[in-house]
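Participant: here is a sequence together with a model predicted from it:
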Amino acid sequence: MSEQDPRVGLSVTHRRYVPYSHAHYAGNLVDGAYALGLFGDVATEVCIRTDGDEGLFASYSDVQFRAPMKAGDVLEVTATVTRVGTRSRTIDFEARVVCRGRPDRGESAAEVLAEPVVAVTATGTVVVPPAA
């Protein structure tokens with residue numbers, strides 16, 4: 001159950017628009033916990049795909065807030081399985097800003113970023129029930 005496991009390397013990606021109702025700070029900034037919630041969602045799909053169960057999030061061993069997330073952003077969140085144990089799975093997460101609102105150009109103006117901005121990275125562990 002190491003790197004030989006075919007589940008290692010499985011990636012799942014979700015995209016989510018960040019509504020203005022999630023802005024908590026000046027400049028329409030969104031708190032970092034928003035990304036952690038998205039990591040939980042994408043981890044759930046990983047567990048369903050690898051083990052046929054939603055699984056449970058056990059812990060984060062590393063979380064790095066690298067760039068701001070703002071209301072009006074479109075986030076692309078990816079989870080990649082890096083280790084498979086008997087009941088645990090280690091997953092690397094990355095949240096990237098792929099589109100950003102441009103209120104300086106108009107109330108509803110926005111743009112696709114030429115290069116995504118990595119906003120949050122993390123490593124986490126999920127657990128799944130024993131295999132039947």
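Facilitator: Good, I have the coordinates. Numbering: from 1, shown residues only.
Participant: where in the protein is pLDDT low?
Facilitator: For the chain, the stretches with pLDDT under 70 are 1-3, 132.
Participant: show me where it has helices.
Facilitator: 33-51 (DSSP state H).
Participant: just the strands from it, written as ranges.
Facilitator: Chain-ordered strands for the chain, with DSSP state E as the definition, fall at 11-17, 23-25, 29-30, 56-65, 74-84, 88-101, 110-127.
Participant: could I get these as JSON lines with distance to Arg49?
Facilitator: C-beta here means a position set from N, CA and C on the backbone, and glycine is covered the same way. Shown next, in JSON lines, are the strands of the chain (distance: least, CB to CB, whole Å):
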{"stretch": "strand 11-17", "distance to Arg49": "7"}
{"stretch": "strand 23-25", "distance to Arg49": "32"}
{"stretch": "strand 29-30", "distance to Arg49": "28"}
{"stretch": "strand 56-65", "distance to Arg49": "16"}
{"stretch": "strand 74-84", "distance to Arg49": "9"}
{"stretch": "strand 88-101", "distance to Arg49": "11"}
{"stretch": "strand 110-127", "distance to Arg49": "12"}
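Participant: and of the ones you listed, who's closest to Asp5?
Facilitator: strand 74-84 (4.2 Å; CB to CB).
Participant: other SSEs contacting that closest one?
Facilitator: Applying 3 or more CB pairs under 8 Å, 6 or more residues apart in numbering; DSSP states H and E, one finds that strand 74-84 makes contact with strand 11-17, helix 33-51, strand 88-101, strand 110-127.
Participant: quick check: Gly101 vs Glu76, distance?
Facilitator: Here Gly101 is placed at a distance of 16 Å from Glu76 (CB to CB, to the nearest Å).
Participant: again with Glu54
Facilitator: According to CB to CB, Glu54 stands 22 Å off from Glu76.
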